[in-house]
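Visitor: need a 3D model of the following:
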Amino acid sequence: MGLPASIHGIPGSLAGQGGAIGSQKTRFASFSTIPIRDLRARVACRTERLTINLPGSAMHIDSRSSIPKIAMDTSALPEDEQFAYWAAHSRGARLQQVVPGPFLARGDLWNLGGLQITLIEVDPFVAVRDRALVNAVEADYLQLVQLIEGTMSFEADGGTMELNAPVSFLRDYSQPSTATSTRIRCLIMYFSRDFLEEVVGPVAAQGPLAPVPELTLLHDVALEMIRFFPVATASSAPLYATILRDLAASAMIQAGANRRTEHISLLASAKAYVAAQQPGSLSIAGITTALGISRSVLYRLFERDGGLLAYDRMRRLRAAHRAVSNPLNTSTLNELAARYGFRDKAALLRSFRKAFGSTPAEVRQHRAHSVSPETATPSDQIRHAIESID
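Guide: Purely as a prediction, here's the structure:
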């Protein structure tokens, strides 16, 4: 039995492999008439073996296995080890403990491919993602947080927002931000940028979302799915990811998080132009001519990235970092320099060390000695799952 074209009134684009939402908000009206129990009962699909294509990957999943889950619970550890154990789950932010002493964190993370989802209770903490960390640790995903209990202070783009539950907010891991929390209980969805932006377009916002009804629906459906996941098959994970993605997209559209201002639309066009160029061949004259804009407008588009050429250089460096992080990649430095548009291996080495604080050889050595699955802690597994969002 294959994936159904529709699920009890759900549009086929939501039940299948992720059709685009566009700007037609009425496409989501049918969700409001679906009882949550019916949605939970009817989205389970079972196949002997299924290949589902998500943006950037093909998932070959044995339907007889269950959806991957990682459990986190620090309560069984000695008090002086609890925070360090929890903090090890993230390289994407510097985590600090607010109050010395015991640190309780409890929750499960479910790996759905293009989406990781967790319902967690955690003691007060500070999570800092500054510009240096953004440059050093690529984390091209968006975090949608639904704060169920507690409060949080969120700093981004030069402003500070005080958030009180219940509230939903976006955190863009390609940009700096700092979150300071009390003890909180929250639902967190980590979306691959490509997976989410496929249906909402470029997202250029951080901070709280307007409290639209679609966010309540997303919350209710997500919690029902989490309760159902223990008996769900792995082959259904991409389907659940797509449904939650499209519900989140609907909420974001209603809340205005994807408003395509002239600046955002132009930035998207500029980034598409950059991506289409041969690595190392980008010229300011070429892009200004192609887009019909002035140099000053171009600078403002990429100002927070340090300018167009800095943006392009970091984009190519991150591609090189992904290559040397791949244990199957055996390219030499000369080959990597030519592939990613650097003059020679010395130029690549200098730029790589400046951006990431280590050499390509050191990155490869670190990957070679990374924690094995047999000895990995839940923190190691969570970190790996989030870093490998498709």
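Visitor: need phi/psi at the closest residue to residue 157 other than its chain neighbours.
Guide: Spatial nearest neighbour of residue 157, excluding adjacent residues (C-beta to C-beta, 6 or more residues apart in numbering): residue 206 at 6.5 Å. From N, CA and C alone the C-beta is placed, and that goes for glycine too. Backbone geometry at residue 206, expressed as degrees, to the nearest 10, gives phi -130, psi 150.
Visitor: now swap in residue 281 and tell me
Guide: Dihedral angles (degrees, to the nearest 10) for residue 281: phi -100, psi 0.
Visitor: tell me the SS of the closest residue to it other than its chain neighbours?
Guide: Leaving aside its chain neighbours, residue 281 sits nearest to residue 341 (6.8 Å; criterion: C-beta to C-beta, 6+ apart). Secondary structure, DSSP: H, G, I helix; E, B strand; the rest coil: residue 341 is coil.
Visitor: do the same with residue 288
Guide: Residue 288 - assigned by three-state DSSP - is helix.
Visitor: ok, it to residue 91 distance?
Guide: 37 Å (C-beta to C-beta, to the nearest Å).
Visitor: looking at those two, which one has more neighbours?
Guide: Set residue 288 next to residue 91 and count neighbours by other C-beta atoms under 10 Å: residue 288 wins out with 17 against 14.
Visitor: circling back: enumerate every residue touching the residue nearest to residue 157.
Guide: 154, 156, 157, 169, 170, 171, 172, 175, 177 (C-beta atoms under 8 Å, 6 or more residues apart in numbering).
Visitor: what about the helices in the stretch 1-150 of the chain?
Guide: Secondary structure of the stretch 1-150 of the chain, counting by DSSP state H, counting those that start in this stretch: helices at 12-15, 36-42, 79-87, 131-136.
Visitor: over to the stretch 251-390 of the chain?
Guide: 262-276, 284-291, 295-301, 308-325, 333-339, 345-356, 360-368, 378-387.
Visitor: next, format those helices as a markdown table and append distance to residue 106 and mean pLDDT.
Guide: Output for those, formatted as a markdown table (distance: least, C-beta to C-beta, whole Å; pLDDT from 0 to 100):
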| stretch | distance to residue 106 | mean pLDDT |
| --- | --- | --- |
| helix 262-276 | 38 | 74 |
| helix 284-291 | 49 | 92 |
| helix 295-301 | 43 | 88 |
| helix 308-325 | 31 | 86 |
| helix 333-339 | 42 | 93 |
| helix 345-356 | 33 | 92 |
| helix 360-368 | 30 | 81 |
| helix 378-387 | 11 | 60 |
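Visitor: and the strands in the stretch 151-300 of the chain?
Guide: In the stretch 151-300 of the chain, the strands defined using DSSP state E, counting those that start in this stretch lie at 151-156, 159-164, 167-172, 177-181, 184-192, 207-208.
Visitor: what residue ranges in this structure score low on pLDDT?
Guide: 1-65, 137-139, 204, 258-265, 328, 367-390 (pLDDT under 70).
Visitor: now the residue sitting nearest the centre point of it: how far from residue 191?
Guide: Centroid-nearest residue in the chain, with C-alpha atoms, centre = their mean: residue 141, separated by 2.3 Å. Distance, residue 141 to residue 191, using C-beta to C-beta: 6 Å.
Visitor: cool, residue 102 as well?
Guide: Distance of residue 102 to residue 191, given as C-beta to C-beta: 32 Å.
Visitor: more crowded one of these two?
Guide: residue 191 (25 against 15).
Visitor: any idea how far that one is from residue 152?
Guide: From residue 191 over to residue 152 the distance is 19 Å, taken as C-beta to C-beta.
Visitor: now swap in residue 217 and tell me
Guide: Relative to residue 152, residue 217 is positioned 23 Å away (C-beta to C-beta).
Visitor: find the nearest non-adjacent residue to residue 126, please.
Guide: Leaving aside its sequence neighbours, residue 126 sits nearest to residue 96 (C-beta to C-beta, 6+ apart; 4.2 Å).
Visitor: what's in contact with stretch 275-287?
Guide: 270, 273-274, 295, 298, 308-309, 312, 315-316, 319, 339-342.
Visitor: which parts of it are buried?
Guide: Across stretch 275-287, burial judged by 16 or more other C-beta atoms under 10 Å covers 279, 280, 282, 287.
Visitor: from those residues, which is closest to residue 231?
Guide: residue 279 (47.0 Å; C-beta to C-beta).
Visitor: measure the closest one to residue 272 for me?
Guide: 15 Å.
Visitor: can you check residue 207 too?
Guide: Separation of residue 207 from residue 272 (C-beta to C-beta) stands at 26 Å.
Visitor: the more surrounded of those two?
Guide: Neighbour count, other C-beta under 10 Å: between residue 207 and residue 272, residue 207 has more, with 18 against 10.
Visitor: ok, that one touching residue 152?
Guide: No. Counting by C-beta atoms under 8 Å, residue 152 is not a contact partner of residue 207; they are 11.1 Å apart.
Visitor: distance of residue 307 from residue 87?
Guide: Taken as C-beta to C-beta, the span from residue 307 to residue 87 is 34 Å.
Visitor: which one of those two has more residues nearby?
Guide: Set side by side, residue 307 and residue 87 show more neighbours around residue 87, with 18 against 15, by other C-beta under 10 Å.
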